[in-house]
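1. generate a structure from the sequence data that follows.
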Amino acid sequence: MKTVLLLALAAVLSLGGRAATAADGIAEKYWKLVELNGKPVPTLEREPHMILKADGRVNGFGGCNAFTGDYKLDAATLRLSFGQIASTMMACAAGMEVEQAFHEVLRNADSFALDGDRLVLNRARMAPLARFEAVYLR
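-> Okay, here's the model as predicted:
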């Protein structure tokens with residue numbers, strides 16, 4: 001019993017004194033976009049990605065422009081939705097199609113699945129809209 005309590009205390013302390021939540025699995029990670037609507041994301045100068053901040057904000061890069069917005073997460077029911085997304089307005093020779101499809105996915109997603117370092121965004125838990133892989137600094 002003493003060992004279990006010590007392990008629980010160690011887990012809380014490792015999280016900066018806050019209790020762990022299911023959101024800890026997807027928040028504050030760099031999610032690299034690897035697939036959109038069943039197709040691999042082409043190689044671009046900069047990789048499309050998003051970071052779901054713990055405060056309910058999302059930041060990322062769509063393929064041509066940086067974007068920001070907000071999201072709502074209910075980890076217990078695997079619900080995830082995005083609010084209005086704002087982005088810079090640069091024109092690019094490559095990446096615009098990816099960016100448009102990425103933003104469309106963010107508008108339509110309403111649920112997610114998480115399997116380790118893989119995140120999938122879905123609409124009505126049907127076919128995946130987008131797949132992401134977590135990227136860590138080395």
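
2. and the strand or helix carrying residue 80, what's buried?
-> Element membership for residue 80, per DSSP states H and E: strand 79-87. Neighbour-count burial for strand 79-87 flags 80, 81, 82, 85, 87 (criterion: 16 or more other C-beta atoms under 10 Å). In this view, the C-beta of every residue, glycine as well, is placed from N, C-alpha and C.

3. most widely separated two among these?
-> Among these, the pair separated by the greatest distance (C-beta to C-beta) is 80 and 87, at 19.4 Å.

4. in JSON lines, list the buried residues of strand 79-87 along with distance to residue 113.
-> Shown next, in JSON lines, are the buried residues of strand 79-87 (distance: C-beta to C-beta, whole Å):
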{"residue": "80", "distance to residue 113": "10"}
{"residue": "81", "distance to residue 113": "15"}
{"residue": "82", "distance to residue 113": "16"}
{"residue": "85", "distance to residue 113": "21"}
{"residue": "87", "distance to residue 113": "26"}
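
5. save the residues you listed as a markdown table, and put in distance to residue 130 and pLDDT too.
-> Shown next, in a markdown table, are the buried residues of strand 79-87 (distance: C-beta to C-beta, whole Å; pLDDT from 0 to 100):
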| residue | distance to residue 130 | pLDDT |
| --- | --- | --- |
| 80 | 11 | 96 |
| 81 | 14 | 96 |
| 82 | 11 | 97 |
| 85 | 14 | 95 |
| 87 | 17 | 96 |
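
6. hey, which helix or strand in this structure has the poorest pLDDT?
-> Every helix and strand in the chain was compared by mean pLDDT, DSSP states H and E; the lowest is helix 2-14, with a mean of 34.

7. run through the bridge partners of the residue nearest to residue 136 when sequence neighbours are not counted.
-> Once flanking residues are discounted, residue 136 sits nearest to residue 30: 7.6 Å by C-beta to C-beta, 6 or more residues apart in numbering. Assessed by DSSP bridges, residue 30 has beta-bridge partners residue 51, residue 135.
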